[in-house]
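Need coordinates for the following:
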Amino acid sequence: MEGKKIILEEIEFVIDSLKKSEDISLSIFYLSALHIMIKRVFNIDFNKHLVFLYFVLENSFRIIVNENEIAKSQKRPIVGIDKMFFSKLITLLEQLVETIKEDKLTYEILEKITLLTYSITGNGIYLGKKGFELVDL
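Numbers count the residues shown, from 1 in each chain. Sure thing, here's the model as predicted:
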């Protein structure tokens, strides 16, 4: 499937870019490519699983952008988005690539991406302070 190849190449490009990026805004810029490319692929070669993948990655992206914007507007440090967050996200994206290459279901990885993203929200940070570990890599 040509679409699979395109998606894998895009995720791998984003992973490499995130590894090199030291700037949160630039990292967010690279992340925007993931869900957009998946949408382009399923618009040409529809697959309901790609819609699910798109939905999780787009919503994760929107939450990351939102948390970054809130921090900027309040002129405070970004509480949940740090180097460790992106390191964990890179690990999960690498697992996603391997899972897609092996034609396995991605549900477990997408669940972890969702939980990682949730961990940077107000309630996610609160749960972390209470000792709950949302993401188990």
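
For residue 104, see how far away residue 136 is.
Going from residue 136 to residue 104 by Cβ to Cβ, to the nearest Å gives 19 Å. C-beta coordinates here come from the backbone N, C-alpha and C atoms, glycine included.

quick one: buried residues of the longest helix belonging to the chain?
Under DSSP state H, the helix in the chain containing the largest number of residues is helix 48-73. Under the neighbour-count criterion of 16 or more other Cβ atoms under 10 Å, helix 48-73 has 50, 53-54, 56-58, 60-61, 63-64, 67-68, 71 buried.

cool, stretch 5-14 as well?
Along stretch 5-14, the positions that meet the burial threshold by neighbour count (16+ other Cβ under 10 Å) are 6-7, 10-11, 14.

From those, which land in helices?
By the criterion of DSSP H, membership of the buried residues of stretch 5-14 in helices covers 6-7, 10-11, 14.

thinking again about what came up before, possible to save the buried residues of helix 48-73 as a markdown table with distance to residue 91?
As requested, the buried residues of helix 48-73 are arranged in a markdown table below (distance: Cβ to Cβ, whole Å):
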| residue | distance to residue 91 |
| --- | --- |
| 50 | 22 |
| 53 | 17 |
| 54 | 21 |
| 56 | 16 |
| 57 | 15 |
| 58 | 20 |
| 60 | 14 |
| 61 | 17 |
| 63 | 18 |
| 64 | 16 |
| 67 | 20 |
| 68 | 21 |
| 71 | 23 |
